[in-house]
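1. No letters, just coordinates:
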Ligand SMILES: NC(=O)c1ccc[n+]([C@@H]2O[C@H](COP(=O)([O-])OP(=O)(O)OC[C@H]3O[C@@H](n4cnc5c(N)ncnc54)[C@H](O)[C@@H]3O)[C@@H](O)[C@H]2O)c1
């Protein structure tokens, strides 16, 4: 078996951690049980480009159990858990191409290795597989029936390809499922971003000014958790509706030029480029901590930070201290890459349970129905979304009410008034 990982001897440690995650993923467990019986992915080659974590390992196991011939590479150079990569190779016989801390050349070499599998389905988190196929591996397109996309930034890239008419196969946008972004982006990113910052810095959050750049799904989650830990939360936004929502949720809202002067912590979650840049660094307080939890490491303008610094040193694992020419120090976490995966372990299993059920069921949907789809970005079918929410509630032991016949009729009618 062809693979490229850090150290196969880490496999037993990884296996224990994968089992720990499995216990928090009951819904994916149910899907896997059905997959074992029905084998809906039999003979389907899948190339996945996802964060190589314990939760992803459980997804890969479910896909293989469903009959898929699957391989995995990393969707970020810093997010790989090397013990998980080893366990997937050793104990699940799934080829993995990922090493934590790999340089950019190795990262793209690993993407090409995953594509050498000649996928029929691509599974992306950030659209790197799809964009590589479309730019430098076009010969693979004829065998690809479709792909899935996990995150907001990937969906934005793919929609742009579809708009320009260059997308060559259908994509299911897993991110747009309600059972994905309501929970993964909000509660997952909320908790794990704080987890990453705490592990990297061991600082107290209470009593600090905590600036969150972007009040979308991820920003709401990070804000909620930072507030819960006693921070004075400040939001910066470019969208008036989101800014208004942040005000109504009880946060201070101001432009970045003002927030930069008062923040102790900064977290970018915009999916946009250079949300924190030179003019902001120049007015930050001595010791400010700056992190990103958006998909790519472009949200913080690191080249400018380097340019205005006279000294740079790694002061702790995952913390680079930049001393500016004005002598103030700025601490950049995790090289500006998603801090929840760089310094912590990403989202907890119970939230990935839903995200990855969407992935598994979307792959099944593609295997059955891709031929009916056009070269567009499609939402996850509503029936799948509803079913995952139903299964999750049932796994949590929570029952809900059902509409009565009278209520169904009332909701479908217009005649009845006061
Ligand atoms: N860390 C993780 O594990 C994780 C999980 C899910 C998504 N993501 C990534 O996080 C990013 C955000 O995702 P989301 O689902 O919250 O997206 P979203 O579209 O819901 O929110 C982004 C928000 O940022 C705002 N914004 C854009 N440019 C800005 C700027 N210059 N200044 C201030 N605000 C700005 C937008 O108006 C929007 O409200 C994406 O890159 C996504 O891929 C990361």
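-> Nice, I can see it. All figures in this text were calculated on a predicted structure; none of them were measured in a lab.

2. you'd agree residue 394 is in a strand?
-> No. Going by DSSP: H, G, I helix; E, B strand; the rest coil, the assignment for residue 394 is helix, not a strand.

3. Do you know the pLDDT at it?
-> Per-residue pLDDT puts residue 394 at 93.

4. Neighbouring strands - and their directions - for the lengthiest strand in the chain?
-> For the chain, the longest strand by residue count, based on DSSP state E, is strand 309-316. Strand 309-316 pairs in its sheet with strand 319-324 (antiparallel), by DSSP bridges.

5. The helix or strand following the partner strand vs strand 319-324, what angle?
-> Using DSSP states H and E, the next helix or strand after strand 319-324 towards the C-terminus is strand 329-333. Taking axes from the mean of the first three to the mean of the last three C-alpha atoms, to 10 degrees, one finds strand 329-333 and strand 319-324 inclined to each other by 150 degrees.

6. I'd like the distance between the nearest residue to residue 174 once chain neighbours are set aside and residue 57.
-> Leaving aside its sequence neighbours, residue 174 sits nearest to residue 358 (C-beta to C-beta, 6 or more residues apart in numbering; 4.6 Å). No exception for glycine: its C-beta is placed from N, CA and C like everyone else's. Distance of residue 358 to residue 57, computed by C-beta to C-beta, to the nearest Å: 17 Å.

7. and what of residue 237?
-> From residue 237 to residue 57 the distance is 36 Å (C-beta to C-beta).

8. more crowded one of these two?
-> Taking other C-beta atoms under 10 Å, residue 237 and residue 57 do not tie; residue 57 has more neighbours (28 against 23).

9. I'd like the distance between the closest residue to that one other than its chain neighbours and the ligand.
-> For residue 57, ignoring the flanking residues on the chain, the nearest one in space by C-beta to C-beta, 6+ apart is residue 18 at 4.5 Å. Distance, residue 18 to the ligand, using C-beta to the nearest ligand atom, to the nearest Å: 19 Å.

10. what's residue 410 sitting at in phi/psi?
-> phi -60, psi -50 (degrees, to the nearest 10).

11. Could you check how many residues crowd around the residue nearest to it when sequence neighbours are not counted?
-> Of all residues beyond its chain neighbours, the one nearest residue 410 is residue 416 (6.2 Å), with distances taken as C-beta to C-beta, 6+ apart. Residues within reach of residue 416, counting by other C-beta under 10 Å, total 7.

12. And for residue 321?
-> 16.

13. nearest residue to it other than its sequence neighbours?
-> Counting by C-beta to C-beta, 6+ apart, the residue nearest residue 321 is residue 315, at 4.4 Å.

14. that older thread, give me the three-state assignment for the residue nearest to residue 410.
-> coil.

15. ok, the residue of the stretch 101-250 of the chain found nearest the ligand - contacts?
-> Of all residues in the stretch 101-250 of the chain, residue 216 sits closest to the ligand, at 1.7 Å by C-beta to the nearest ligand atom. Counting by C-beta atoms under 8 Å, 6 or more residues apart in numbering, residue 216 makes contact with 152, 185, 242, 269, 270, 271.

16. again, only this time at 7 Å
-> 242, 269 (C-beta atoms under 7 Å, 6 or more residues apart in numbering).

17. Also the one 4 residues further on?
-> With contacts defined as C-beta under 7 Å, 6+ apart, residue 220 is in contact with residue 186.

18. 27 is where my numbering starts, stick with that
-> Yes, from this point I'll number from 27; that puts the last item at residue 246.

19. and it, that one's in a helix?
-> Yes. With three-state DSSP as the criterion, residue 246 is located in a helix.

20. which helices and strands sit right next to the helix or strand encompassing residue 60?
-> Taking DSSP H and E as the criterion, residue 60 maps to helix 52-64. Here helix 52-64 touches helix 80-91, helix 375-395, helix 408-421, going by 3 or more C-beta pairs under 7 Å, 6 or more residues apart in numbering; DSSP states H and E.

21. Buried by neighbour count: which residues of the longest strand of the chain qualify?
-> For strand 335-342, the neighbour count (16 or more other C-beta atoms under 10 Å) marks residue 335 as buried.

22. tell me the mean pLDDT over it?
-> 98.

23. Outside of it itself, list whatever touches it.
-> Against strand 335-342 from outside (C-beta under 7 Å, 6+ apart): 226, 332, 346, 347, 348, 349, 350, 351.

24. does the second one sit in a helix, a strand or a coil?
-> If I follow you right, that is residue 332. Residue 332 - assigned by three-state DSSP - is helix.

25. Tell me the pLDDT of it.
-> For residue 332, the predicted pLDDT is 97.

26. ok, it - contacts?
-> Per C-beta under 7 Å, 6+ apart, neighbours of residue 332: residue 338.

27. ok, it to the ligand distance?
-> 21 Å.

28. got the phi/psi numbers for the nearest residue to residue 61 once chain neighbours are set aside?
-> Leaving aside its chain neighbours, residue 61 sits nearest to residue 92 (3.3 Å; criterion: C-beta to C-beta, 6+ apart). Per-residue torsions, residue 92: phi -80, psi 0 (degrees, to the nearest 10).

29. Right, I'll leave it there.
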